[in-house]
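coords below, sequence missing:
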(Lines give C-alpha, C1' and ligand atoms only; values in the text may rest on other atoms or scores of the structure.)
Protein backbone atom coordinates (compact mmCIF):
# COMPACT_ATOMS: atom_id res chain seq x y z
CA UNK A 1 0.00 0.00 0.00
CA UNK A 2 1.39 3.40 -0.96
CA UNK A 3 2.08 5.98 1.71
CA UNK A 4 -0.69 8.52 2.15
CA UNK A 5 -0.02 12.11 1.15
CA UNK A 6 -0.28 14.83 3.77
CA UNK A 7 -3.74 15.91 2.62
CA UNK A 8 -5.01 12.32 2.47
CA UNK A 9 -3.85 11.82 6.04
CA UNK A 10 -5.49 15.05 7.19
CA UNK A 11 -8.72 14.16 5.42
CA UNK A 12 -8.93 10.91 7.37
CA UNK A 13 -9.83 13.12 10.31
CA UNK A 14 -11.28 16.39 9.02
CA UNK A 15 -14.13 15.14 6.85
CA UNK A 16 -16.80 17.57 8.11
CA UNK A 17 -18.93 16.80 11.17
CA UNK A 18 -21.14 18.35 13.84
CA UNK A 19 -20.55 18.67 17.57
CA UNK A 20 -23.94 18.04 19.16
CA UNK A 21 -22.99 17.44 22.80
CA UNK A 22 -21.74 20.07 25.29
CA UNK A 23 -18.07 19.36 24.55
CA UNK A 24 -15.21 21.43 23.21
CA UNK A 25 -16.34 24.69 21.66
CA UNK A 26 -19.95 23.52 21.79
CA UNK A 27 -19.96 23.64 25.60
CA UNK A 28 -20.12 27.44 25.80
CA UNK A 29 -23.55 28.46 27.19
CA UNK A 30 -24.89 25.15 25.92
CA UNK A 31 -27.97 25.01 28.16
CA UNK A 32 -28.96 28.60 27.34
CA UNK A 33 -28.79 28.21 23.56
CA UNK A 34 -31.43 27.24 21.04
CA UNK A 35 -28.73 26.30 18.54
CA UNK A 36 -27.00 23.37 20.23
CA UNK A 37 -24.70 22.17 17.50
CA UNK A 38 -21.71 23.60 15.70
CA UNK A 39 -19.96 22.47 12.53
CA UNK A 40 -16.35 21.51 11.95
CA UNK A 41 -15.70 21.57 8.18
CA UNK A 42 -13.57 19.25 6.05
CA UNK A 43 -10.04 20.16 5.06
CA UNK A 44 -8.85 20.58 1.48
CA UNK A 45 -5.53 21.34 -0.14
CA UNK A 46 -5.72 24.35 -2.40
CA UNK A 47 -4.94 28.02 -2.85
CA UNK A 48 -6.03 31.25 -1.23
CA UNK A 49 -8.90 31.36 -3.72
CA UNK A 50 -10.41 28.41 -1.85
CA UNK A 51 -10.84 30.46 1.32
CA UNK A 52 -14.60 30.95 1.62
CA UNK A 53 -17.08 31.62 4.40
CA UNK A 54 -19.30 28.65 5.20
CA UNK A 55 -23.03 28.60 5.86
CA UNK A 56 -22.89 26.47 9.00
CA UNK A 57 -22.62 27.78 12.56
CA UNK A 58 -19.06 27.23 13.80
CA UNK A 59 -19.35 29.03 17.14
CA UNK A 60 -22.39 29.85 19.25
CA UNK A 61 -22.49 31.73 22.54
CA UNK A 62 -25.17 33.27 24.73
CA UNK A 63 -24.06 36.74 25.80
CA UNK A 64 -26.05 39.55 27.45
CA UNK A 65 -29.45 37.93 26.78
CA UNK A 66 -28.59 37.34 23.13
CA UNK A 67 -27.66 34.18 21.28
CA UNK A 68 -24.75 34.92 18.99
CA UNK A 69 -24.25 32.55 16.07
CA UNK A 70 -21.16 32.81 13.90
CA UNK A 71 -20.41 30.94 10.70
CA UNK A 72 -16.85 29.80 10.09
CA UNK A 73 -15.07 28.59 6.97
CA UNK A 74 -16.52 26.44 4.22
CA UNK A 75 -13.33 24.35 4.34
CA UNK A 76 -10.19 24.26 6.40
CA UNK A 77 -7.25 24.80 4.08
CA UNK A 78 -3.85 23.16 3.77
CA UNK A 79 -1.40 25.30 1.81
CA UNK A 80 2.14 24.69 0.62
CA UNK A 81 3.69 28.03 -0.32
CA UNK A 82 7.44 28.52 -0.85
CA UNK A 83 8.32 25.39 1.14
CA UNK A 84 6.08 26.55 3.98
CA UNK A 85 3.28 24.39 5.38
CA UNK A 86 0.30 26.53 6.31
CA UNK A 87 -2.96 25.47 7.93
CA UNK A 88 -5.98 27.79 7.93
CA UNK A 89 -9.01 26.98 10.10
CA UNK A 90 -11.69 28.85 12.03
CA UNK A 91 -11.74 28.03 15.77
CA UNK A 92 -8.26 28.28 17.21
CA UNK A 93 -8.10 25.04 19.18
CA UNK A 94 -7.57 23.14 15.91
CA UNK A 95 -4.01 24.45 15.95
CA UNK A 96 -3.28 21.76 18.55
CA UNK A 97 -4.06 18.96 16.09
CA UNK A 98 -1.97 20.52 13.33
CA UNK A 99 0.97 20.95 15.71
CA UNK A 100 0.73 17.25 16.59
CA UNK A 101 0.47 16.45 12.89
CA UNK A 102 3.69 18.37 12.26
CA UNK A 103 5.60 16.59 15.00
CA UNK A 104 4.21 13.17 14.05
CA UNK A 105 5.49 13.57 10.49
CA UNK A 106 8.74 15.13 11.71
CA UNK A 107 8.05 18.47 10.05
CA UNK A 108 9.50 19.95 13.21
CA UNK A 109 10.68 18.64 16.56
CA UNK A 110 9.40 19.10 20.12
CA UNK A 111 10.62 21.86 22.43
CA UNK A 112 10.32 24.49 19.73
CA UNK A 113 9.45 28.14 20.34
CA UNK A 114 5.85 29.16 19.66
CA UNK A 115 5.35 32.68 18.32
CA UNK A 116 1.69 33.28 19.18
CA UNK A 117 0.20 36.36 17.47
CA UNK A 118 -3.21 36.83 19.03
CA UNK A 119 -5.52 39.26 20.78
CA UNK A 120 -5.80 36.65 23.57
CA UNK A 121 -3.24 34.51 25.38
CA UNK A 122 -5.26 31.25 25.02
CA UNK A 123 -3.39 30.00 28.09
CA UNK A 124 -6.30 28.68 30.15
CA UNK A 125 -6.02 25.15 31.48
CA UNK A 126 -8.38 22.52 30.02
CA UNK A 127 -10.36 20.12 32.19
CA UNK A 128 -7.99 17.31 31.23
CA UNK A 129 -4.51 17.04 29.77
CA UNK A 130 -3.59 14.58 27.05
CA UNK A 131 -1.13 11.92 28.15
CA UNK A 132 0.74 10.33 25.27
CA UNK A 133 4.03 9.68 23.56
CA UNK A 134 4.68 11.66 20.40
CA UNK A 135 5.88 8.38 18.81
CA UNK A 136 2.52 6.67 19.49
CA UNK A 137 1.14 5.28 16.22
CA UNK A 138 -2.36 6.31 17.34
CA UNK A 139 -1.17 9.82 18.11
CA UNK A 140 -3.18 11.58 15.42
CA UNK A 141 -6.42 9.82 16.31
CA UNK A 142 -5.99 10.66 20.00
CA UNK A 143 -5.02 14.25 19.23
CA UNK A 144 -8.02 14.72 16.93
CA UNK A 145 -10.47 13.49 19.54
CA UNK A 146 -8.85 15.62 22.23
CA UNK A 147 -8.75 18.73 20.03
CA UNK A 148 -12.42 18.57 19.16
CA UNK A 149 -14.07 17.06 22.21
CA UNK A 150 -12.01 18.50 25.08
CA UNK A 151 -10.21 21.65 23.98
CA UNK A 152 -11.75 25.00 23.13
CA UNK A 153 -10.56 28.30 21.68
CA UNK A 154 -9.02 29.46 24.96
CA UNK A 155 -7.14 26.48 26.37
CA UNK A 156 -5.09 24.69 23.71
CA UNK A 157 -1.58 26.00 24.46
CA UNK A 158 -1.08 24.60 27.97
CA UNK A 159 -1.63 21.01 26.71
CA UNK A 160 1.02 21.60 24.04
CA UNK A 161 3.42 22.79 26.72
CA UNK A 162 2.63 19.76 28.88
CA UNK A 163 3.66 17.50 25.98
CA UNK A 164 6.88 19.50 25.49
CA UNK A 165 5.84 20.49 21.98
CA UNK A 166 7.06 23.94 22.96
CA UNK A 167 9.71 25.00 25.42
CA UNK A 168 8.73 28.66 25.21
CA UNK A 169 5.70 30.70 24.12
CA UNK A 170 5.98 34.34 23.14
CA UNK A 171 2.58 36.04 23.09
CA UNK A 172 2.44 38.87 20.55
CA UNK A 173 -0.60 40.87 21.61
CA UNK A 174 0.63 44.42 22.16
CA UNK A 175 2.62 47.13 20.44
CA UNK A 176 5.53 46.39 22.75
CA UNK A 177 5.54 42.67 21.95
CA UNK A 178 5.41 43.34 18.20
CA UNK A 179 8.82 44.96 18.61
CA UNK A 180 10.39 41.68 19.74
CA UNK A 181 12.49 39.66 17.33
CA UNK A 182 11.69 35.95 16.94
CA UNK A 183 14.45 33.35 17.27
CA UNK A 184 16.04 31.69 14.26
CA UNK A 185 13.65 28.71 14.39
CA UNK A 186 10.06 28.94 15.60
CA UNK A 187 6.49 27.79 14.95
CA UNK A 188 4.22 30.65 13.97
CA UNK A 189 0.62 30.74 15.20
CA UNK A 190 -1.61 33.60 14.02
CA UNK A 191 -5.09 34.51 15.16
CA UNK A 192 -6.76 36.99 12.80
CA UNK A 193 -8.50 38.61 15.77
CA UNK A 194 -5.25 40.54 16.13
CA UNK A 195 -6.99 42.73 13.53
CA UNK A 196 -10.29 42.93 15.47
CA UNK A 197 -11.75 46.28 16.43
CA UNK A 198 -10.32 46.12 19.97
CA UNK A 199 -6.82 45.90 18.48
CA UNK A 200 -7.10 48.88 16.15
CA UNK A 201 -4.90 50.95 18.47
CA UNK A 202 -2.02 49.16 16.71
CA UNK A 203 -2.06 50.26 13.04
CA UNK A 204 -3.07 47.47 10.68
CA UNK A 205 -0.27 48.21 8.21
CA UNK A 206 2.30 47.87 10.99
CA UNK A 207 0.85 44.52 12.06
CA UNK A 208 0.77 43.29 8.47
CA UNK A 209 4.41 44.28 8.00
CA UNK A 210 5.52 42.51 11.19
CA UNK A 211 3.48 39.36 10.58
CA UNK A 212 4.83 39.11 7.05
CA UNK A 213 8.31 39.18 8.56
CA UNK A 214 7.35 36.30 10.87
CA UNK A 215 5.88 34.34 7.93
CA UNK A 216 9.10 34.79 5.95
CA UNK A 217 11.10 33.28 8.82
CA UNK A 218 8.86 30.31 9.74
CA UNK A 219 8.16 27.14 7.74
CA UNK A 220 5.25 25.81 9.81
CA UNK A 221 2.33 28.18 10.28
CA UNK A 222 -1.16 27.87 11.77
CA UNK A 223 -3.78 30.55 11.14
CA UNK A 224 -7.16 30.87 12.89
CA UNK A 225 -9.96 33.03 11.52
CA UNK A 226 -11.78 33.13 14.90
CA UNK A 227 -15.40 33.70 13.81
CA UNK A 228 -16.58 34.80 17.25
CA UNK A 229 -14.02 37.60 17.49
CA UNK A 230 -13.69 38.97 13.95
CA UNK A 231 -15.90 39.05 10.86
CA UNK A 232 -14.84 36.21 8.58
CA UNK A 233 -14.84 38.30 5.42
CA UNK A 234 -12.42 40.68 7.12
CA UNK A 235 -10.28 37.79 8.38
CA UNK A 236 -10.02 36.24 4.93
CA UNK A 237 -9.06 39.62 3.48
CA UNK A 238 -6.18 39.91 5.96
CA UNK A 239 -4.98 36.36 5.21
CA UNK A 240 -4.72 37.24 1.54
CA UNK A 241 -2.78 40.41 2.37
CA UNK A 242 -0.39 38.42 4.55
CA UNK A 243 0.24 35.53 2.16
CA UNK A 244 0.02 36.98 -1.33
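That came through, no problem. Values in this document were obtained by computation on a predicted structure and should not be read as measured data.

State the number of residues packed around residue 25.
Residue 25 sits with 24 neighbouring residues when counted by other C-beta atoms under 10 Å. In short, each C-beta sits where N, CA and C put it, glycine included.

Need phi/psi at it.
Main-chain torsions, residue 25, degrees, to the nearest 10: phi -70, psi -10.

which one is it nearest to, not counting chain neighbours?
residue 152 (4.9 Å; C-beta to C-beta, 6 or more residues apart in numbering).

Neighbours of the one you found, how many?
So residue 152, with other C-beta under 10 Å, has 22 neighbours.

Look up phi and psi at it.
Backbone torsions of residue 152, given as degrees, to the nearest 10, read phi -140, psi -170.

got a list of what it touches?
Applying C-beta atoms under 8 Å, 6 or more residues apart in numbering, we find residue 152 in contact with 24, 25, 27, 28, 91, 93, 126.

Then residue 144?
Contacts of residue 144 (C-beta under 8 Å, 6+ apart): 13, 97.

Which secondary structure state is assigned to it?
Assigned by DSSP: H, G, I helix; E, B strand; the rest coil, the conformation of residue 144 is helix.

same question, residue 10
Under three-state DSSP, residue 10 comes out as helix.

what's the longest strand out of those in the chain packed up against?
In the chain, taking DSSP state E as the definition, the longest strand is strand 53-63. Using 3 or more C-beta pairs under 8 Å, 6 or more residues apart in numbering; DSSP states H and E, the elements in contact with strand 53-63 are strand 38-45, strand 66-73, helix 232-243.

Just say which of these is most tucked in.
Stretch with highest mean neighbour count among those: strand 38-45 (a mean of 20; mean count of other C-beta atoms under 10 Å).
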